[in-house]
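Asks: Based on what follows, work out the 3D shape:
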Amino acid sequence: MITQRLRHLAAVCLAVICMTTVSYAQASDLEFVTVERPPFAMSDGDAPTGFSVDLMTAIATEMGQTVSFEIVDSFPDMLDRVESITADGAIANISITRDREARMDFSQPIYHGGLRIMVPRNQERDTIWSTLFSLDLALAILAAFALLLGGGMLMWFFERDKQPYFEGNARQAMFPSFWWALNLVVNGGFEERMPRSTFGRLFGTFLVISSLFVVSVFVAHITASLTVSAISGSIHSVSDLDGKRVGTTEGSTASIFLEDRGMVYSGYDSLDALLGDFEQGELDAVIFDGPILAHYAQNEGARYGEVLDSVFRPESYGIALPTGSPLREDINVALLRLIETGAYSDLSVKWFGGPR
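Replies: Purely as a prediction, here's the structure:
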């Protein structure tokens with residue numbers, strides 16, 4: 001009887017010990033929030049994946065803990081969770097800025113990126129074609145045709161009774177007269193069809209001399225229009241954004257950059273909405289984090305956009321933590337250990353093709 005009671009007591013004690021151990025393990029788990037930002041974080045079925053997810057998992061392992069992730073709807077929601085201390089931290093493409101540093105703590109930088117510009121693919125070619133089929137160019141060509149036709153018909157009026165080429169009524173003479181004026185401007189005229197009347201010769205001489213200036217001015221105008229349109233229609237840097245339809249997400253460092261410089265832009269609640277309008281041709285340029293744009297342009301957005309090479313505003317991304325978080329030192333130590341052992345470099349190669 002006593003032995004049975006001892007066994008029962010031992011079982012209860014063992015259960016209590018197990019429950020205590022499980023509770024302790026659960027209390028030690030880290031709960032992090034992130035947001036959909038390929039390749040830093042993205043949903044893959046039930047479990048999120050990405051550079052940030054892999055990195056934080058490796059950091060937690062170095063700390064002897066486990067970590068779970070929750071993908072929230074927006075970037076501001078993610079940072080609010082950190083400020084309200086309803087999560088142990090947040091990890092994604094979170095730029096370390098003065099304003100954010102005043103509201104929360106950050107780890108050592110986990111990635112060095114920055115703002116870049118994405119433009120429609122083949123923008124140079126699109127600009128040239130749009131210029132070639134522009135209304136101004138069409139009007140200039142029509143004006144040239146009208147001048148040639150008017151000059152040819154005037155010559156027909158002077159020469160219609162003087163040589164066989166200009167015989168016939170006005171309707172019959174329209175094309176021959178136009179062709180004569182075109183050859184006069186382009187080739188200097190037909191030697192065998194030299195004007196014979198006094199007014200015809202005077203008018204022909206005037207046409208030859210004036211055509212030298214008219215052709216030069218016309219060619220210069222067309223060339224200048226094509227050149228200016230190609231230059232002004234293309235985006236190569238931030239200085240080319242004036243007058244363009246620029247978009248970014250609200251509350252991002254890109255939006256702050258544009259506001260500080262008084263630049264007009266369209267703000268979007270989500271990255272998906274921003275990229276959706278870009279794909280529909282509603283935007284001339286997207287300003288956002290370079291790694292995010294590069295991943296998009298190399299994958300699902302390959303048909304729509306290309307990212308300019310230069311990073312016009314370098315930024316460092318960090319792990320956001322509540323102010324005074326006791327995890328900061330341990331996370332920094334674990335991160336530096338991953339860098340020293342080469343594990344960080346392996347993750348960078350896996351998700352970005354090289355270290356950053």
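Asks: Show me how the record splits this structure into domains.
Replies: Here the domain assignment for the chain is 2-110+318-352, 113-316, based on automatic domain parsing.
Asks: any chance of the ones you listed in TSV, with mean pLDDT and mean neighbour count too?
Replies: Bear in mind the C-beta positions are built from the backbone N, C-alpha and C, glycine included. What follows is the domains of the chain, written out as TSV (pLDDT from 0 to 100; neighbours: other Cβ atoms under 10 Å):
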stretch	mean pLDDT	mean neighbour count
domain 2-110+318-352	85	17
domain 113-316	80	16
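Asks: Other residues contacting stretch 65-82?
Replies: For stretch 65-82, the external contacting residues (Cβ atoms under 8 Å, 6 or more residues apart in numbering) are 28-36, 41, 43, 47-48, 53, 56-57, 59-60, 87, 89-90, 92, 94, 100, 103-104, 249, 251-252, 269-270, 320-322.
Asks: how about residue 292, what does it touch?
Replies: With Cβ under 8 Å, 6+ apart, residue 292 has these contacts: 37-38, 40, 93, 271.
Asks: Which two among these are spaced furthest apart?
Replies: Maximum pairwise distance in the contacts of residue 292, criterion Cβ to Cβ, is 11.4 Å, between 40 and 271.
Asks: Let me know the secondary structure of residue 306.
Replies: strand (DSSP: H, G, I helix; E, B strand; the rest coil).
Asks: show me the residues around residue 145 that make contact.
Replies: residue 178.
Asks: Got phi/psi on residue 282?
Replies: Main-chain dihedrals, residue 282, degrees, to the nearest 10: phi -80, psi -10.
Asks: Next, the contact list for it, please.
Replies: Applying Cβ under 8 Å, 6+ apart, the residues near residue 282 are 245, 247.
Asks: same check, this time on residue 49
Replies: So residue 49 contacts 41-43 (Cβ under 8 Å, 6+ apart).
Asks: Redo these as TSV? Include distance to residue 141 and secondary structure.
Replies: Listed next are those as TSV, based on distance: Cβ to Cβ, whole Å; DSSP: H, G, I helix; E, B strand; the rest coil:
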residue	distance to residue 141	secondary structure
41	54	strand
42	52	strand
43	55	strand
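Asks: State the distance from residue 115 to residue 307.
Replies: 11 Å (Cβ to Cβ, to the nearest Å).
Asks: Which neighbours do these two have in common?
Replies: Common contacts of residue 115 and residue 307, defined by Cβ under 8 Å, 6+ apart, comprise residue 290.
Asks: in a strand, that's where residue 113 is, yeah?
Replies: Yes. Using three-state DSSP, the assignment for residue 113 is a strand.
Asks: So it is in contact with residue 307, correct?
Replies: No. With contacts counted by Cβ atoms under 8 Å, residue 113 stays clear of residue 307, the gap being 11.9 Å.
Asks: Which residues are in contact with each of the two?
Replies: residue 290.
Asks: Pull the contacting residues for the residue nearest the centre of the chain.
Replies: The centroid of the chain falls nearest to residue 118 when counting by Cα atoms, centre = their mean (1.7 Å). Counting by Cβ under 8 Å, 6+ apart, residue 118 touches 278, 285-286, 288, 293, 296-297, 305-308.
Asks: Please apply the same query to residue 281.
Replies: Residue 281 sits next to residue 120 when contact means Cβ under 8 Å, 6+ apart.
Asks: re the thing from before, between the contacts of residue 292, which is nearest residue 349?
Replies: Of all these, residue 40 has the smallest distance to residue 349: 15.3 Å, by Cβ to Cβ.
Asks: Am I right that that closest one is in contact with residue 55?
Replies: No. When contacts are counted by Cβ under 8 Å, residue 40 is not listed as touching residue 55 (9.1 Å).
Asks: Could you tell me which residues touch both of the two?
Replies: residue 91.
Asks: isn't there a strand covering residue 287?
Replies: Yes. Per three-state DSSP, residue 287 lies within a strand segment.
Asks: I'd like to know how far it sits from residue 276.
Replies: 16 Å.
Asks: Ok, residue 333 next?
Replies: In terms of Cβ to Cβ, residue 333 sits 42 Å off from residue 276.
Asks: just residue 327 next, same as before
Replies: Remark: distance between residue 327 and residue 276 (Cβ to Cβ) = 37 Å.
Asks: same question, residue 166
Replies: For residue 166, the distance to residue 276 equals 63 Å [Cβ to Cβ].
Asks: any chance you could map the helices in the stretch 251-356 of the chain?
Replies: Assigned by DSSP state H, counting those that start in this stretch, the helices in the stretch 251-356 of the chain fall at 253-260, 271-279, 290-298, 327-341, 343-352.
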